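# what's the 3D shape of this:
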Amino acid sequence: MLQIQFIRENKQTVLEGLAKRNFANAETIIDEVLNTDEARRSTQVLLDNVLAESNKLSKEIGALFKSGEVQKANLIKEKTGQLKEQSKELTEKLNTVSDKLQDLLYQIPNVPHASVVAGKNEEDNEEVYKEGTIPDLGDKALPHWELAKKYDIIDFDLGAKVTGAGFPIYKGKGARLQRALISYFLDKNTAAGYTEVQVPHLINEASGYGTGQLPDKEGQMYHITVDDLYLIPTAEVPITNMLRGDLLKEADLPKSFTGYTPCFRREAGSYGAHVRGLNRLHQFDKVEIVRVEHPDNSYNALNGMVEHIKDILRELKLPYRILRLCGGDTGFTSALTFDFELYSTAQERWLEISSASNFETYQANRLKLRFKNKDGKSQLAHTLNGSSLALPRVLAGILENYQTENGIKIPEVLVPYCGFDMID
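Predicted coordinates for the structure are as follows:
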């Protein structure tokens with residue numbers, strides 16, 4: 001969440017940033033935040049004064065009892081009783097005001113980076129890079145869901161039977177290709193210096209709040225109410241929360257991790273042709289990269305993540321483009337996001353396959369993730385994450401772009417992982 005001090009000192013900047021996001025009633029909620037913070041601070045001052053007076057009188061009482069002035073000591077004790085009652089009331093008021101302030105801050109999204117343009121939705125995103133050749137497959141090109149059925153490698157109906165729509169079952173060479181992609185992505189990430197971790201697929205409420213899935217996206221998460229746990233929507237959540245509450249040394253930075261997990265998203269309200277096949281699922285596999293950086297280096301790190309993902313797509317020889325998201329399409333917690341989209345030849349449309357984002361201090365403030373700088377002062381770190389990569393649409397892109405009359409070729413870089421070079 002935004003730091004209250006930043007809001008106090010940069011109100012106009014915050015309002016301009018929220019305007020880029022089309023955030024409704026921005027000035028009203030910011031004013032309410034500032035008024036609530038003023039009430040919190042004034043209550044804190046009153047409480048501190050009462051506690052200081054109470055401590056002072058307690059010392060006086062001790063001295064009076066020692067010197068035998070019992071009557072005078074008892075008179076002062078009556079006053080300390082009044083002060084204790086006052087401090088109790090002020091503490092309750094402070095807790096109430098602090099909780100209200102926290103709830104208000106949770107409602108405010110991150111302020112976009114200066115390079116982010118205003119915009120309403122994905123149609124206003126800026127294309128900043130494009131690479132790769134879109135193959136000419138002619139009129140006989142099949143979409144991936146038909147290819148999956150033709151070669152018996154993904155069964156959507158069987159998944160619906162076992163669980164429901166959006167839970168496909170991968171079979172034979174389809175399952176092996178899926179496993180090959182996971183291994184390839186992890187190997188690329190670890191070779192680039194990321195530490196591989198295996199993390200839980202369930203998180204507690206504190207972890208959801210730490211990275212910003214709660215309270216913003218609770219409707220999209222699967223909630224196990226009996227245990228009050230949530231199925232993860234992305235590995236970013238448990239990986240980043242590994243450092244929740246930590247105070248790092250500056251020399252410890254950067255921290256970089258990669259991990260494979262299944263991801264679970266309710267995707268409530270998703271329907272239509274654009275979600276057919278692998279285009280949108282309730283359960284899917286993804287390999288994630290997460291970085292914790294010194295604020296001075298976080299945008300260099302973001303550029304490095306973008307270049308890393310580009311290198312993977314080059315090796316897969318898939319046509320892709322990069323978009324810088326506009327304010328209206330940037331995620332709630334992100335300051336700057338680059339989306340990678342792969343071209344689906346048979347569907348004749350771009351499919352998002354990765355996002356690389358810098359959250360600056362927004363997540364770190366929730367996580368209380370800090371480091372001690374050179375001056376010995378605690379400072380919030382910057383957190384970043386990216387998909388490298390989300391598997392369903394990469395798999396869809398491989399099936400569609402590599403299809404031939406004789407079968408589906410396997411990208412050369414994946415052949416050693418698959419153990420075969422053709423699906424036929």
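
# next, the contact list for the most far-flung residue of the chain relative to its centre, please.
Using Cα atoms, centre = their mean, the residue of the chain lying farthest from its centre is Gly68. It sits 64.5 Å away. Counting by Cβ atoms under 8 Å, 6 or more residues apart in numbering, Gly68 makes contact with nothing. Any C-beta I mention is one placed from the backbone N, CA and C, and that applies to glycine too.

# mind checking the SS state of it?
Secondary structure, DSSP: H, G, I helix; E, B strand; the rest coil: Gly68 is coil.

# quick one: low-confidence parts of the stretch 251-400 of the chain?
268-274 (pLDDT under 70).

# the strands in it, which residues?
Counting by DSSP state E, counting those that start in this stretch, the stretch 251-400 of the chain has strands at residues 255-264, 283-293, 320-324, 336-344, 349-360, 370-372, 378-380, 382-390.

# want to throw these into JSON lines with mean neighbour count and distance to Lys120?
Formatted as JSON lines, the strands of the stretch 251-400 of the chain follow (neighbours: other Cβ atoms under 10 Å; distance: least, Cβ to Cβ, whole Å):
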{"stretch": "strand 255-264", "mean neighbour count": "21", "distance to Lys120": "27"}
{"stretch": "strand 283-293", "mean neighbour count": "24", "distance to Lys120": "28"}
{"stretch": "strand 320-324", "mean neighbour count": "20", "distance to Lys120": "15"}
{"stretch": "strand 336-344", "mean neighbour count": "23", "distance to Lys120": "16"}
{"stretch": "strand 349-360", "mean neighbour count": "22", "distance to Lys120": "18"}
{"stretch": "strand 370-372", "mean neighbour count": "19", "distance to Lys120": "36"}
{"stretch": "strand 378-380", "mean neighbour count": "15", "distance to Lys120": "31"}
{"stretch": "strand 382-390", "mean neighbour count": "26", "distance to Lys120": "24"}
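
# and the residue farthest from the centre of the chain, what pLDDT?
Gly68 is assigned a pLDDT of 75 by the prediction.

# any idea how far whichever helix or strand Gly81 is part of is from the chain center?
Assigned by DSSP states H and E, Gly81 belongs to helix 70-106. Taking Cα atoms, centre = their mean, to the nearest Å, one finds the center of helix 70-106 at 38 Å from the center of the full chain.

# return the set of buried residues in it.
Buried residues in helix 70-106, counted by 16 or more other Cβ atoms under 10 Å: 73, 80, 83, 86-87, 90, 94, 97-98, 100-101, 104-105.

# need these in JSON lines with distance to Gly119, can you?
Listed next are the buried residues of helix 70-106 as JSON lines, based on distance: Cβ to Cβ, whole Å:
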{"residue": "Ala73", "distance to Gly119": "70"}
{"residue": "Thr80", "distance to Gly119": "60"}
{"residue": "Leu83", "distance to Gly119": "56"}
{"residue": "Gln86", "distance to Gly119": "52"}
{"residue": "Ser87", "distance to Gly119": "51"}
{"residue": "Leu90", "distance to Gly119": "46"}
{"residue": "Leu94", "distance to Gly119": "41"}
{"residue": "Val97", "distance to Gly119": "36"}
{"residue": "Ser98", "distance to Gly119": "35"}
{"residue": "Lys100", "distance to Gly119": "32"}
{"residue": "Leu101", "distance to Gly119": "30"}
{"residue": "Leu104", "distance to Gly119": "26"}
{"residue": "Leu105", "distance to Gly119": "25"}
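
# for Leu147, state which of these is nearest.
Leu105 (48.0 Å; Cβ to Cβ).

# now the closest one: closest residue in space that isn't a chain neighbour?
Met1 (4.4 Å; Cβ to Cβ, 6 or more residues apart in numbering).

# what's the answer for Gln379, then?
Closest to Gln379 by Cβ to Cβ, 6+ apart is Asn373, at 4.9 Å.

# what ranges of the stretch 1-150 of the chain fall below the confidence cut-off?
Using pLDDT under 70, the stretch 1-150 of the chain has no residue that qualifies.

# Asn297: neighbour count?
14 (other Cβ atoms under 10 Å).

# got the contact list for it?
By Cβ under 8 Å, 6+ apart, Asn297 lies in contact with Leu253, Pro254.

# from Asn385, how far off is it?
16 Å (Cβ to Cβ, to the nearest Å).

# next one: Phe332 relative to Met1, how far apart?
10 Å.

# same check, this time on Arg349
36 Å.

# likewise Leu137?
48 Å.

# all helices of the chain, in order?
4-9, 11-20, 26-66, 70-106, 144-150, 156-162, 172-191, 205-211, 236-241, 298-316, 362-367, 391-401, 415-418 (DSSP state H).

# give me the buried positions along the fifth one.
By that I understand helix 144-150. Going by 16+ other Cβ under 10 Å, helix 144-150 has these buried residues: His144, Trp145, Leu147, Ala148.

# among these, which one lies nearest to Glu16?
The closest of the buried residues of helix 144-150, once distances to Glu16 are taken by Cβ to Cβ, is His144, at 42.6 Å.

# do I have it right that the closest one meets Pro392?
No: counting by Cβ atoms under 8 Å, His144 does not reach Pro392; the two are 9.3 Å apart.

# nearest to Glu123, out of the helices of the chain?
Comparing these by Cβ to Cβ, helix 11-20 comes nearest, at 15.4 Å.

# now do the same contact list for the residue nearest to Leu105.
By Cβ under 8 Å, 6+ apart, Met1 lies in contact with Leu105, Tyr106, Ile108, Gly212, Tyr362, Asn365, Arg366.

# any idea how far Gly327 is from Val275?
25 Å.

# kindly apply the preceding question to Leu278 instead.
Where Gly327 is concerned, Leu278 sits at a distance of 29 Å (Cβ to Cβ).

# go on, Tyr320?
Counting by Cβ to Cβ, the gap from Tyr320 to Gly327 is 23 Å.

# one more: Lys93?
To Gly327, Lys93 is 37 Å away according to Cβ to Cβ.

# nearest residue to the middle of the chain?
The chain, centroid-nearest residue using Cα atoms, centre = their mean: Thr211 at 5.3 Å.

# now do the contacts for that residue.
Glu236, Val237, Thr240, Asn241, Thr333, Gln363, Arg366, Leu367 are the contacts of Thr211 under Cβ under 8 Å, 6+ apart.

# next, the angle from the helix holding Gly81 to helix 26-66.
Angle of helix 70-106 versus helix 26-66, following axes from the mean of the first three to the mean of the last three Cα atoms, to 10 degrees, is 160 degrees.
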